[in-house]
Structures are given as C-alpha cells and as structure tokens.
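[1] The sequence isn't on hand, but the structure is:
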C-alpha cells in the first residue's frame, strides 16, 4: 500500500513509498483511510523536533471505514464509519491507565510517531479506541475530530469554561480556532484571538467567519491593553495558550484576571523559557497544563457535531493527494493554510 514514511532519523527523510498492508490481531480492526489531517506534530517530525521511531508511517488525524475485523471484536462490522483515539499501546496497568488517563501513559506509542499511522491506504486500530462517525457528518469533517477532541479536553474539561466567560486565545492556527469555536458553544460572552502578521493571510479570515469577537495582531496592537480596556482592567476569565511562543506565554499571565485560568496547549520546543513567576503568584491564577485528548473529550465533540452545534468545515482549507505532502507542509508552516487533509 502507499504511505508517507519517515524512513530514518534526521531533518527531512520523508517520502511516499510502498509498505506492507497492516495485519490485524484478534482485537483490532483494519480501516480504509478516507481523509487524514496534517498536524503540527507531523511537521515537527519532518524537522526532527519530536520523538519518533523510524521507519514509521506519519499521521494520526483520520477518518475511515472498517474493512476487516479481528475475531474477538464485538460491536463493529465492515462498512462502519469511524475515527480513532491515538492512544495505542497504553499499558493498561499503570496509575494513569487505571484512572482513565491513558493519554499520558508512559508506555503509549501513538500512530504517526510511535507506530505506523494514517498517512496511508490503511491503518489498524484496537477496537476499544474507535468512535462512530454520525451519519450526517462527512468523512472530511470527521477527520478534524481528533484536534477538536484535544481542545474539548483542554478547554471544556480542564479549562472549566463557564457561560459568560471572557476568553482570550493566543495562537490562530487550527487549535486556536477550534478553541474559539468550542468556547463560543460553551457560552463564552466574548472571545478574542491573538496572532501575528502571518495570520492575516487566511487564519484571521476564518476567525471572522466563525464569529470571533476580537482579532488582535500583536504587531499592530497591544493585546494586554486591549483586554484591559474591554474588561475595565479586570482581565480575562480564561486564557488559552495555543501558540507556544514565549512572548505570548508571558502576555497570557498579564491578561488573565486574578484567580483566572490559563489552559496551556502550545509547546515551545525549548528546554526552558523566561516566565513572569511573581506576576502569576500575585494573581493567584490557575495554570493548567494539558496533553492529548480524553475519551470524554471525543464524545463531547462528536455530540456537538451530531447536534450541529459546531461546524468544523471552516478549518479545512485544502484537500490534496499524499504526493503533495511537502507543498502542504510548507503551506501550513507559512500560514497559507489551516487544516490540510490528505484524500487517500
């Protein structure tokens, strides 16, 4: 089968090649991929900036159709439309697995970096990680459920957003825009997205389309002053840090209100950064660090999609063939695209 493979360690080292079709075990299903989304993780692996075990097929955001089931699988059949949580090889016995937090099991090896992923004709998945795609949700939109589930976990569950909250989001990429959508759905009074000049190419336009209340380009406007003007000097109830940029992280502490919450999603890619520790202490703010998605986060997003309370299609800006991977990766890096799907 055709697949996009990181074939060895180092910068680059990616190509489309023929690889063996996966062989499922009794508890797995084989899925024919319909669409697979490019994540920042895939680009980090391209640049050798994220852990991975080559040779490995990239990709972990996908939608597809079951074509084969293992003999021990119950409740699923060929033809079922599915998405899947990327929490494969969680051990099942550690403290985190036993408390329902398999996403942070130290033994976990996710598709796309730890084991073969979704940028291929087929992927195999344990049946217990599957979720059914609602009948009226397209394969294209379903391929964006995985990043939306991350946001649901980080913003709804851990960020504890409440109706009436003023929400500020640093970062206007896929995660930031999804955070804005979900914050609106959860009853946020106002939502602000903060980005840079590169976001004006397409991301700010999508932010306007999804009815973000305030859009701030930090190269033209001071987001701290803007927030304080809007809130009469109080600050934001919830700040979502989705950029991973050191200046934005510092501004997040400045814009959050006393006893407010900062939900951390973005990675800096650095061992350490400067941080206004004393400012955070005197604000008595809650800083919530996050990783990956929860089972309940997936269910929340699928429920929101099924009831038409959110529409993920504005995030999808391009659909391309697997052979166009390098052009697609560069378009995301340069801010000329948001979510690009491989149509496989």
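    Nice, I can see it. As the structure is a prediction and not an experimental result, all values here were calculated from the model. Numbering: from 1, shown residues only.

[2] Mind checking which residue lies nearest the centre of the protein?
    Taking C-alpha atoms, centre = their mean as the criterion, residue 147 is the residue nearest the geometric centre of the chain, at 2.8 Å.

[3] Can you pull the phi and psi angles for it?
    In terms of degrees, to the nearest 10, the main-chain angles of residue 147 are phi -60, psi -30.

[4] Could you measure from the residue lying closest to it once chain neighbours are set aside over to residue 144?
    With sequence-adjacent residues excluded and distances taken as C-beta to C-beta, 6 or more residues apart in numbering, residue 147 is closest to residue 174, at 5.6 Å. Quick note: C-beta positions are derived from backbone N, CA and C, even for glycine. As for residue 174, its distance to residue 144 is 8 Å (criterion: C-beta to C-beta, to the nearest Å).

[5] which residues of the stretch 51-200 of the chain fall in helices?
    Per DSSP state H, counting those that start in this stretch, the stretch 51-200 of the chain carries helices over the ranges 95-98, 139-142, 145-151, 174-185.

[6] So which of those is nearest residue 211?
    Among the helices of the stretch 51-200 of the chain, the nearest to residue 211 by C-beta to C-beta is helix 174-185 (6.8 Å).

[7] now the helices of the stretch 51-200 of the chain as CSV including mean pLDDT?
    Below are the helices of the stretch 51-200 of the chain laid out as CSV (pLDDT from 0 to 100):
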stretch, mean pLDDT
helix 95-98, 94
helix 139-142, 98
helix 145-151, 97
helix 174-185, 97
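
[8] Flag every buried residue along stretch 94-114.
    Buried residues in stretch 94-114, counting neighbours by 16 or more other C-beta atoms under 10 Å, are found at 94, 96-97, 101-105, 108-114.

[9] returning to that earlier point: so the residue nearest to residue 147 sits right up against residue 338, yeah?
    Yes: here residue 174 reaches residue 338: they are 5.6 Å apart, a contact under C-beta atoms under 8 Å.

[10] Now do stretch 52-68: distance from first to last residue.
    28 Å (C-alpha to C-alpha, to the nearest Å).

[11] Please compute how far that stretch lies from its chain's middle.
    Counting by C-alpha atoms, centre = their mean, to the nearest Å, stretch 52-68 is centred 16 Å from the centre of its parent chain.

[12] follow-up on the earlier one: quick one: the helices of the stretch 51-200 of the chain as CSV, columns for distance to residue 248 too.
    As requested, these are arranged in CSV below (distance: least, C-beta to C-beta, whole Å):
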stretch, distance to residue 248
helix 95-98, 29
helix 139-142, 29
helix 145-151, 17
helix 174-185, 10
